[in-house]
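In: next input, structure requested:
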Amino acid sequence: MSKSITHLVGLILAISSLFFISAEAKEKLPLDAIVIMDSSGSMKYTDPKQLRKPAAKLFINLLGREDKLSVVSFSSKGWPIRIGQSRTFLTQLKTEKIKASALKATDEISHKGFQTNIYAALEKGIELVKQSKQQNRDPIIVLMSDGKMDVGNAAKSQLLREKIISELIPQLKENGIKVYSIAFTQKSDQQLLQQVAEETDGRYALAESDDVLHKVFAKIFEQSKEPNMLPLTENKFMVDASIQEITIIANKKNSKSKIFLESSNGKRYNVKTKNKNMKWFVSNSFDMITITKPEEGEWKILFSGDGNKAYIVANMQLRTDYQYNTESFYPELIIKTWLIKDNETLSNNELINNLEINIEIEHPDKKLENLKFSSAAKNGVFKTLFKPTMDGIYSATVIVTSKTFQRQQFFSFRAKIPKEPPPKPEPAVEPEPVPEPIIEAEPEPVKPVIEKEAAPEEVKAEPESDLVDALIIFIIGNLILIFIGANAFFVYRMIKNKKQPVKTEDKTE
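Out: The predicted structure follows:
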């Protein structure tokens, strides 16, 4: 595998691990929620009105019957508070009586501790999740603290802080536990709380003022459960026939504010109104009202501040699925949304054809961006694309409206923009052409032809033939020279012999 291909595959895998990717939308799993609350003495000064208790109660009230809960107090160590008669500290909120016991458990949180042992708090949370041993659940820890890791000894405190990073964070990730951490002051160990949250795909928040803590808990509920909601315009909302229950969080302008609800027929309700279908929880900073079988039409929230919420339970629900396009080097979010009723997707319906669907996305720098969804496909699914431009956490709200129908759903996601430019594809290397084999034709019968003088470029002397020819000529030449020389020598001898005189003794004989 070439270096560029290896780099590209690794990058795709890295991007895929940073973001939530799903082939299809799934129902949100029930929660195993562990609320861990700091009970050190300093909380008496950082949370003098003990607003963490009603804020935690808001979160507990929003949990469903399938969800489980444990409330843990910590200072020098972490200890869970038993809920009702349950034998386990992670208790399913299946009845109103059990939920009432869970709300009461938060009142047992004090501020008399001497230490802030964040290590012990997280360790206890992990232990409770492991004891549950149930599959198909979504474990989360909500951790609140106003200080730094402190067990009365600086060296030991630093060692435990390091062990949170080296030991507990890997355990949290291994068990799929998301940590939602909340710091109460600037003096809190914000770096540690934020690191634990980010590395477990949770969220971190700083709640310095009294009026934001319950809003932080509402946001945690939205991030972990992604509930269906009703859009609020000037504190007005539309109730349709499919809504079975609605829970309203109305923020107070001040602790003395009195909240009222006004139904579509003009009737007003407050905390003193007796109504068997209405439950009203009052605190200094918000009221929480739950109405079963609410009257259809437009409702109003009166004498309230901004930032109100309206969560609903309905048999017609908005579903949203978001995933990253793995074919794109830079992150590109594919967002789909649709409506279901009785577990079936609505399509080719008059309601679908008259819906307007928008999405509002809040960037990490708080900049808002609005996008529209395309028209629904034949299967009733609307679609849009979003390209993040910076690192960080984005918040998105899908808003569906028509004349008689409204829905809203919140989700958030983390984006990481690659630092390197996309690798340039290597130019394709064409293979060298393979020469076709030369097939020698059978020799044809020799015909007398008049040889033509070959063109100079066509005459190509073969080195071996020239050498043989030269050798033959050399040998023949030498043979001729030897023959001529030998004959000349014999002729010369014959001539010489004829010229010599006959000796005397020869004549006498």
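In: burial count for K173?
Out: When counting by other CB atoms under 10 Å, one arrives at 13 neighbours for K173. (Each C-beta comes from the backbone N, C-alpha and C, glycine too.)
In: which residues does it contact?
Out: If a contact means CB atoms under 8 Å, 6 or more residues apart in numbering, then K173 has E199, T200 as its contacts.
In: and it, how far is that from I60?
Out: Relative to I60, K173 is positioned 26 Å away (CB to CB, to the nearest Å).
In: got any ranges where the stretch 1-150 of the chain has weak pLDDT?
Out: Per-residue confidence for the stretch 1-150 of the chain (pLDDT under 70) gives these ranges: 1-27, 87.
In: do the same with the stretch 201-350 of the chain
Out: 210.
In: now the strands: where do they sit in it?
Out: With DSSP state E, counting those that start in this stretch, the ranges of strands along the stretch 201-350 of the chain come out as 203-206, 228-229, 236-239, 243-251, 260-262, 268-269, 278-282, 286-292, 297-302, 309-314, 316-324, 333-341, 344-345.
In: I'd like to know how many residues surround Y324.
Out: By the other CB under 10 Å criterion, the neighbourhood of Y324 contains 19 residues.
In: any idea how far it is from T233?
Out: Here the criterion is CB to CB. By it, Y324 lies 32 Å from T233.
In: again with K44
Out: With distances taken as CB to CB, K44 is found 41 Å from T233.
In: between those two, which one's more packed in?
Out: K44 (14 against 11).
In: just checking, the more buried one touches H111?
Out: Yes - with contacts defined as CB atoms under 8 Å, K44 counts as touching H111 at a distance of 4.3 Å.
In: helices of this structure, start to end?
Out: Assigned helices in the chain, in chain order: 3-18, 43-46, 52-62, 96-106, 118-132, 154-163, 169-174, 190-199, 213-225, 350-353, 463-499, 504-508 (criterion: DSSP state H).
In: out of those, flag the one nearest K341.
Out: Ranking the helices of the chain by proximity to K341 (CB to CB) places helix 350-353 first, at 9.4 Å.
In: which positions in the closest one come out as buried?
Out: Using 16 or more other CB atoms under 10 Å as the burial criterion, the residues of helix 350-353 that qualify are I352.
In: of all the helices of the chain, which one is nearest S86?
Out: Among these, helix 96-106 comes nearest to S86, with 7.5 Å by CB to CB.
In: tell me which residues are up against the closest one.
Out: Applying CB under 8 Å, 6+ apart, the contact partners of helix 96-106 are 35, 37, 53, 56-57, 60-61, 63, 69, 71, 81-84, 86, 91-93.
In: try it again with 6 Å
Out: If you take CB atoms under 6 Å, 6 or more residues apart in numbering as the criterion, helix 96-106 is touched by K53, A56, K57, I60, L69, V71, I81, I83, G84, L93.
In: residues near the nearest residue to K253 once chain neighbours are set aside, how many?
Out: Spatially, and ignoring its direct neighbours in sequence, K253 is nearest to G305 (4.7 Å; CB to CB, 6 or more residues apart in numbering). For G305, the count of nearby residues is 17 (other CB under 10 Å).
In: you'd agree G305 is up against S255?
Out: No - in this structure, G305 sits apart from S255 without contact. The criterion is CB atoms under 6 Å, and the distance is 11.8 Å.
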